[in-house]
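Peer 1: After the sequence you'll find the predicted model.
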2 protein chains.
Amino acid sequence: MLCTEKGREVTETEFLAAYDPAEYERLSVAVDVVVLTVDEGELRVLLVRRTEHPHVGRWAVPGGFVAPDESLDNAAARVLAHKAGLDGIFLEQLYTFGAVGRDPRTRVVAVAYYALVDAARLAAAAQAAGAVLATVRVAWAGETGGPAEARDPDGAVLPLAFDHPEVLGTAVLRLRGKLDYAPVGFPLLPERFTLRDLQEVHETVLGRRLNRDSFRRRMLASGQLRATGDHERDVPYRPAEFYTAVAALARPAEQ
Amino acid sequence: MLCTEKGREVTETEFLAAYDPAEYERLSVAVDVVVLTVDEGELRVLLVRRTEHPHVGRWAVPGGFVAPDESLDNAAARVLAHKAGLDGIFLEQLYTFGAVGRDPRTRVVAVAYYALVDAARLAAAAQAAGAVLATVRVAWAGETGGPAEARDPDGAVLPLAFDHPEVLGTAVLRLRGKLDYAPVGFPLLPERFTLRDLQEVHETVLGRRLNRDSFRRRMLASGQLRATGDHERDVPYRPAEFYTAVAALARPAEQ
DNA sequence: AAAATAGTGTCTATGAGACACTATAGT
DNA sequence: ACTATAGTGTCTCATAGACACTATTTT
């Protein structure tokens, strides 16, 4: 059952020395990063306008090809840093899109990631990078799933490149699913936030209103929040206390 | 902002005709399929013994390289059919593993899938394919995550190839997570099953005992079960009624 | 009859939703 | 004083766990 060559077994070292990678056809592998935030009750995504073929002029999530000497996670972090100017934020693998005709140039397998960041930081990064923040709309409720649509601030639909409607829809679906059991809301908020801010983030992501009393009890009982003792200022009503997330959401280690 | 060549804009058609895929380095892309079942209170995985370098003699989940003209889903279904003789069973993308050194031959990005099948069918398929069914053990509880280990029927640990301990661990984690909200137990059972069978599957996957009364109520109230009116035979106690899953779990459509 | 599990009914504990009430800021 | 929201306490309802009891088969 072992490989033989001239009547004797070859060792793994000999095999690897003689191995020719061109024996199997290779594919282009890209990472696409869906950078999401919540602002003013809307889910927003960072999009860049394509300046080259294919799909010139259409809008795309930042992406780039994976180099032979970098891991997928590193490639995604590199794309996030170079194309969006963002560093050290929540970043997690989402899904891999590999339909044959998804890129008209050649066969490209895209490993999609999603990143979460607070609205103020993303607004600054988008401006510096020359990107736009588009509102995300999905035509489905709950955890049904399906493509998503991006609109500019005037409500006009932005044409998306490649299969990015599906990529964006998958990111929304993942976010909704995670919010039910994971503290995924915190990366979307600044370090200090009120319970009202947190509830608005949850409601925006889930696309439905939540019960205030129940949400408050559940969050305080979860042990994920630490009260700061500080309160809001200059609000025309009783100021709410600021909280912080008790444990920073750990970045998953490279596989 | 558009590409120019000799002072005029090029159309997308012209661009694609002149596009050279070799401009970017390409990678090998493989699919690995984790085929799982539950039998005798144990989670089992189908493994094949590697007959070629690298990792000759070690055990691996069935895998294969993705051809340029097939989608990832199709490649996974092909591997499942050719290497395990299984067709038309639950198959879903799991996670993509892309660490640089995970394959000693060359850079290989592995898109892992997991498949679920009932124990009797998998036992027959494994025998026909010359594969083994190994018991899966994880050293972690709940949804912690981490690598998994495979043991033969005598309890001896089978050495796994590549990063397959992580791949296997990721599959167990996904299965546990899905069981909480999705009817993922049904693909692991034959068409007709008792509530006891279903509970045993859930307990095995989750790695903990469940409350009988509560499980029964929850399942019957879920609307996912249809009573058949038939009952077990030749059991030394009151025979339980057979149920069927009311809706076959739809295979996700190709992206 | 004994043993073992299926299946039903009921009580209790827990958590979500609803509501009432008090607290605290700006206007 | 008025308004708007923060924060607390309590009631109700739905669901999970626990337990008791009956049903049905083989040995």
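Peer 2: Everything's here; your move. Here the structure is a predicted model, which is why all the values come from computation and not from measurement.

Peer 1: drop to CA atoms for contacts and neighbour counts, all remaining ones
Peer 2: Noted.

Peer 1: In terms of residue numbering, what are the domains of chain A?
Peer 2: A:24-178, A:186-245 (automatic domain parsing).

Peer 1: most tightly surrounded among those?
Peer 2: domain A:24-178 (a mean of 20; mean count of other CA atoms under 10 Å in any protein chain shown).

Peer 1: quick one: it near chain B?
Peer 2: Yes. Against chain B, domain A:24-178 shows contacts by CA under 8 Å from any CA of the partner chain at A:24-29, A:51-56, A:65, A:67-73, A:93, A:95-100, A:104-107, A:111, A:166.

Peer 1: Switch the domains of chain A over to JSON lines; also include mean pLDDT and distance to residue B:119.
Peer 2: Output for the domains of chain A, formatted as JSON lines (pLDDT from 0 to 100; distance: least, CA to CA, whole Å):
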{"stretch": "domain A:24-178", "mean pLDDT": "96", "distance to residue B:119": "29"}
{"stretch": "domain A:186-245", "mean pLDDT": "95", "distance to residue B:119": "38"}
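
Peer 1: of all the ones you listed, which lies closest to DNA strand C?
Peer 2: Among the domains of chain A, domain A:186-245 comes nearest to DNA strand C, with 3.0 Å by CA to the nearest atom of the strand.

Peer 1: That closest one near DNA strand C at all?
Peer 2: Yes. Among the residues of domain A:186-245, A:210-211, A:213-215, A:217-218, A:233-239 lie within reach of DNA strand C under CA under 7 Å from any atom of the strand.

Peer 1: any chance of the domains of chain A in TSV, plus distance to residue B:123?
Peer 2: Output for the domains of chain A, formatted as TSV (distance: least, CA to CA, whole Å):
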stretch	distance to residue B:123
domain A:24-178	30
domain A:186-245	42
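
Peer 1: Which residue ranges of the stretch 101-250 of chain A form strands?
Peer 2: Assigned by DSSP state E, counting those that start in this stretch, the strands in the stretch 101-250 of chain A fall at A:108-116, A:132-138, A:148-151, A:157-158, A:225-231, A:241-245.

Peer 1: ok, the fourth one: who's next to it in the sheet?
Peer 2: By that I understand strand A:157-158. If you go by DSSP bridges, strand A:157-158 pairs up with strand A:148-151 (antiparallel).

Peer 1: Show me how far the lengthiest helix in chain A is from its chain's centre.
Peer 2: Secondary structure of chain A read by DSSP state H shows that its longest helix is helix A:164-179. Centre-to-centre, helix A:164-179 and its host chain are 9 Å apart (CA atoms, centre = their mean, to the nearest Å).

Peer 1: Save the residues of domain A:186-245 next to DNA strand C as a markdown table, and put in distance to residue A:126 too.
Peer 2: Formatted as a markdown table, the residues of domain A:186-245 next to DNA strand C follow (distance: CA to CA, whole Å):
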| residue | distance to residue A:126 |
| --- | --- |
| A:210 | 30 |
| A:211 | 33 |
| A:213 | 36 |
| A:214 | 35 |
| A:215 | 32 |
| A:217 | 36 |
| A:218 | 34 |
| A:233 | 28 |
| A:234 | 29 |
| A:235 | 29 |
| A:236 | 31 |
| A:237 | 33 |
| A:238 | 34 |
| A:239 | 31 |
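
Peer 1: between the residues you listed, which is closest to residue B:46?
Peer 2: Residue B:46 lies nearest to residue A:218 out of the residues of domain A:186-245 next to DNA strand C, by CA to CA, at 41.6 Å.

Peer 1: Close to DNA strand D: what parts of the stretch 151-255 of chain A are there?
Peer 2: So the stretch 151-255 of chain A meets DNA strand D at A:194-196, A:213, A:236-241 (CA under 7 Å from any atom of the strand).

Peer 1: how much distance is there from the host helix or strand of residue A:37 to the middle of the chain?
Peer 2: Applying DSSP states H and E as the criterion places residue A:37 in strand A:28-39. Centroid displacement of strand A:28-39 relative to its chain, using CA atoms, centre = their mean, is 5 Å.

Peer 1: Repeat that for stretch A:87-106.
Peer 2: Per CA atoms, centre = their mean, the centroid offset for stretch A:87-106 relative to its chain is 10 Å.

Peer 1: tell me the phi and psi of the spatially closest residue to residue A:61 that is not a sequence neighbour?
Peer 2: Nearest residue to residue A:61 in three dimensions, chain neighbours excluded: residue A:47, at 4.9 Å (CA to CA, 6 or more residues apart in numbering or on different chains). For residue A:47, the backbone dihedrals are phi -130, psi 150 (criterion: degrees, to the nearest 10).

Peer 1: my read: residue A:47 touches residue A:136, true?
Peer 2: No. With contact defined as CA atoms under 8 Å, residue A:47 does not reach residue A:136; the gap is 10.9 Å.

Peer 1: Can you tell me the closest non-neighbouring residue to residue A:194?
Peer 2: Nearest to residue A:194 is residue A:242, by CA to CA, 6+ apart, at 4.8 Å.

Peer 1: One more: residue A:223?
Peer 2: The shortest distance from residue A:223 to any non-neighbouring residue, by CA to CA, 6+ apart, is to residue A:246 (7.5 Å).

Peer 1: ok so, going back, export only the CA atoms of the longest helix of chain A, formatted as PDB.
Peer 2: What follows is helix A:164-179, C-alpha atoms only, in PDB (Å, rounded to 0.1, in the frame of the first residue of the first chain):
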ATOM      1  CA  HIS A 164     -21.400  40.400  -2.900                       C
ATOM      2  CA  PRO A 165     -25.200  40.500  -2.400                       C
ATOM      3  CA  GLU A 166     -25.000  36.900  -1.100                       C
ATOM      4  CA  VAL A 167     -21.800  37.600   0.800                       C
ATOM      5  CA  LEU A 168     -23.400  40.500   2.600                       C
ATOM      6  CA  GLY A 169     -26.600  38.500   3.200                       C
ATOM      7  CA  THR A 170     -24.600  35.700   4.800                       C
ATOM      8  CA  ALA A 171     -22.800  38.200   7.100                       C
ATOM      9  CA  VAL A 172     -26.200  39.600   8.300                       C
ATOM     10  CA  LEU A 173     -27.400  36.100   8.900                       C
ATOM     11  CA  ARG A 174     -24.400  35.100  10.900                       C
ATOM     12  CA  LEU A 175     -24.600  38.300  13.000                       C
ATOM     13  CA  ARG A 176     -28.200  37.600  13.800                       C
ATOM     14  CA  GLY A 177     -27.500  34.000  14.700                       C
ATOM     15  CA  LYS A 178     -24.600  34.900  16.900                       C
ATOM     16  CA  LEU A 179     -26.400  37.700  18.800                       C
END
